[in-house]
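> Take a look and give me a structure for this.
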Amino acid sequence: MRKSQVVDGALWLLTAVCFAEIMDWSIKPHPDLPFGFTHADKAYHALAYAALTFSLLLAAVWRPGRGAGPVAHARWIMAATIGLGVSLEVIQGFVGRDPDVADAMMNAFGAFLAYSMWMAIGAESATRSD
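Model prediction:
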């Protein structure tokens with residue numbers, strides 16, 4: 001197995017772990033959060049969606065050392081992660097949690113933060129008409 005395949009596998013695994021954690025934290029009863037600073041929950045939302053989006057962009061669209069991946073457009077990744085964040089907030093209303101527009105906004109902020117970081121590492125030169 002080539003080094004590039006190992007890196008790709010690790011990125012897909014990281015993406016799967018981020019997705020599983022987001023699903024777990026979003027659907028189960030509201031957890032008690034550590035680091036009791038004000039609005040810690042909002043920071044966790046942004047960080048979780050930044051990690052998911054960044055790992056997915058690297059795995060699926062473009063990464064240094066490999067170039068283009070199986071997904072041609074970063075906008076599909078952005079739409080998917082933001083859509084996931086909004087959908088999970090809506091679903092929370094059906095599982096005994098309170099949906100929160102601010103949480104959905106922080107999910108989107110995290111996704112855009114990850115996209116900005118991804119672009120900063122040079123993805124704009126390798127994306128296919130994005």
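> Please identify the pairing partners of the least confident helix or strand in the chain by mean pLDDT and their relative orientation?
Taking mean pLDDT, DSSP states H and E as the measure, the helix or strand of the chain with the lowest value is strand 67-68, at a mean of 86. According to DSSP bridges, strand 67-68 forms sheet pairs with strand 62-63 (antiparallel).
> can you list contacts of the helix or strand containing Gly83?
Using DSSP states H and E, Gly83 falls within helix 74-92. The contact list for helix 74-92, computed with CB atoms under 8 Å, 6 or more residues apart in numbering, reads 22-23, 26-27, 45, 49, 52-53, 56-57, 60-62, 71, 98-101, 103-104, 107-108, 111-112, 115, 118, 123, 127, 130. For the C-beta atoms, the positions are set from N, CA and C on the backbone; glycine is no exception.
> again, only this time at 7 Å
Taking CB atoms under 7 Å, 6 or more residues apart in numbering as the criterion, the residues outside helix 74-92 that touch it are 26, 49, 52-53, 56-57, 60-61, 71, 98-100, 103-104, 107-108, 111, 115, 127, 130.
> top helix in the protein by residue count?
Ranked by residue count, the top helix of the chain under DSSP state H comes out as helix 3-27.
> ok now that one, how far from the chain's centre?
Distance of helix 3-27 from its chain centroid, counting by CA atoms, centre = their mean, to the nearest Å, is 10 Å.
> now the angle from that helix to helix 74-92?
With axes from the mean of the first three to the mean of the last three CA atoms, to 10 degrees applied, the angle from helix 3-27 to helix 74-92 works out at 30 degrees.
> following helix 3-27, which helix or strand comes up?
helix 40-56.
> quick one: low-confidence ranges for the chain?
Across the chain, residues meeting the criterion (pLDDT under 70) sit at 30-38, 123-130.
> if you set the cut-off to 50 instead, what comes out?
Counting by pLDDT under 50, the chain contains low-confidence ranges at 128-130.
> Please spell out the PyMOL selection for the buried subset of the contacts of helix 74-92.
Those of the contacts of helix 74-92 that meet the burial criterion (16 or more other CB atoms under 10 Å) are gathered into one PyMOL selection, given here:
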select buried, resi 26+49+52+53+56+57+60+61+71+103+104+107+108+111+115+127+130
